[in-house]
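Peer 1: sequence isn't available, so here's the structure alone:
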């Protein structure tokens with residue numbers, strides 16, 4: 001499908017969702033008013049883009065591992081609003097920092113979690129089927145000092161999405177943290193007209209902010225390039 005002009009002012013999109021690396025991507029999209037609903041990759045981390053797409057475009061029944069494959073990190077996420085025990089998957093290393101309430105056994109939480117993720121996968125697939133212009137975002141945590149995703153990985157991701165949803169036009173926005181590079185002087189390049197790769201410094205300046213924290217105010221300013229339409233509806 002022909003690529004539409006992404007460089008015009010306020011690029012209008014029907015749907016935006018995050019595909020990594022961690023939960024700060026979804027939080028960034030929400031604060032920029034580009035995401036309203038919950039999607040399957042919002043609150044998990046540290047699995048490859050290819051693995052995420054395997055679940056989205058194929059069988060998602062094993063997205064949440066069996067109880068014996070949840071490995072505790074023996075700590076909590078520190079979020080006083082929703083305090084959870086931190087786990088990772090023995091199967092693929094996927095991190096779960098926001099899913100199991102502190103003190104609750106994984107086996108006791110898993111049935112409800114599985115129902116929740118069925119809804120999230122169904123919602124994203126339904127909205128992708130109805131969308132015409134889709135923004136897919138990968139945001140590196142500020143602790144990463146270099147690009148972790150190759151051009152080939154990004155190109156493969158877009159190709160797989162286009163094949164699965166041929167009615168839609170996709171842009172993959174890959175944002176990486178470039179130390180000491182202000183937003184006004186951001187590094188930027190386009191790859192094959194559908195992948196936008198942008199680097200600038202966006203770590204949080206708040207006092208006592210953890211190293212992985214994102215400057216959401218700055219990210220909102222950057223994401224003003226995009227505007228969501230009203231075509232994206234709940235299913």
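Peer 2: Happy to help now that I have it. On a predicted model such as this, the values are computed, not experimentally measured, just so you know.
Peer 1: alpha carbons only for contacts and neighbour counts from here, please
Peer 2: Noted.
Peer 1: can you give me the helices in this protein?
Peer 2: Counting by DSSP state H, the chain has these helices, from start to end: 24-31, 49-57, 106-130, 151-164, 216-222.
Peer 1: in stretch 71-83, what's buried?
Peer 2: Residues 71, 76-77, 83 are the ones in stretch 71-83 that count as buried (16 or more other CA atoms under 10 Å).
Peer 1: actually, stretch 49-64.
Peer 2: So stretch 49-64, judged by 16+ other CA under 10 Å, has buried residues 49, 52-53, 56, 60, 63-64.
Peer 1: mind picking the two most distant members of these?
Peer 2: 49 and 64 (16.5 Å; CA to CA).
Peer 1: okay, now residue 105: neighbour count?
Peer 2: 12 (other CA atoms under 10 Å).
Peer 1: and what of residue 29?
Peer 2: Residue 29 has 20 neighbouring residues, counting by other CA under 10 Å.
Peer 1: what pLDDT does residue 9 get?
Peer 2: At residue 9, the model reports a pLDDT of 67.
Peer 1: please identify the deepest-packed of the helices of the chain.
Peer 2: Of all the helices of the chain, helix 24-31 has the most neighbours on average by mean count of other CA atoms under 10 Å, namely a mean of 21.
Peer 1: quick one: that one to chain centroid distance?
Peer 2: Taking CA atoms, centre = their mean, to the nearest Å, one finds helix 24-31 lying 8 Å from the centre of the chain it belongs to.
Peer 1: what sits closest to residue 69 if chain neighbours are left out?
Peer 2: In this structure, residue 69 finds its nearest non-sequential neighbour in residue 90, 5.0 Å apart by CA to CA, 6 or more residues apart in numbering.
Peer 1: and the one you found, what does it touch?
Peer 2: By CA atoms under 8 Å, 6 or more residues apart in numbering, residue 90 lies in contact with 69-71.
Peer 1: would you confirm that residue 84 contacts residue 97?
Peer 2: Yes - counting by CA atoms under 8 Å, residue 84 does reach residue 97; the two are 6.6 Å apart.
Peer 1: more neighbours: which of these two?
Peer 2: Taking other CA under 10 Å, residue 84 and residue 97 do not tie; residue 97 has more neighbours (24 against 21).
Peer 1: neighbours of residue 21, how many?
Peer 2: Residue 21 has 23 nearby residues by other CA under 10 Å.
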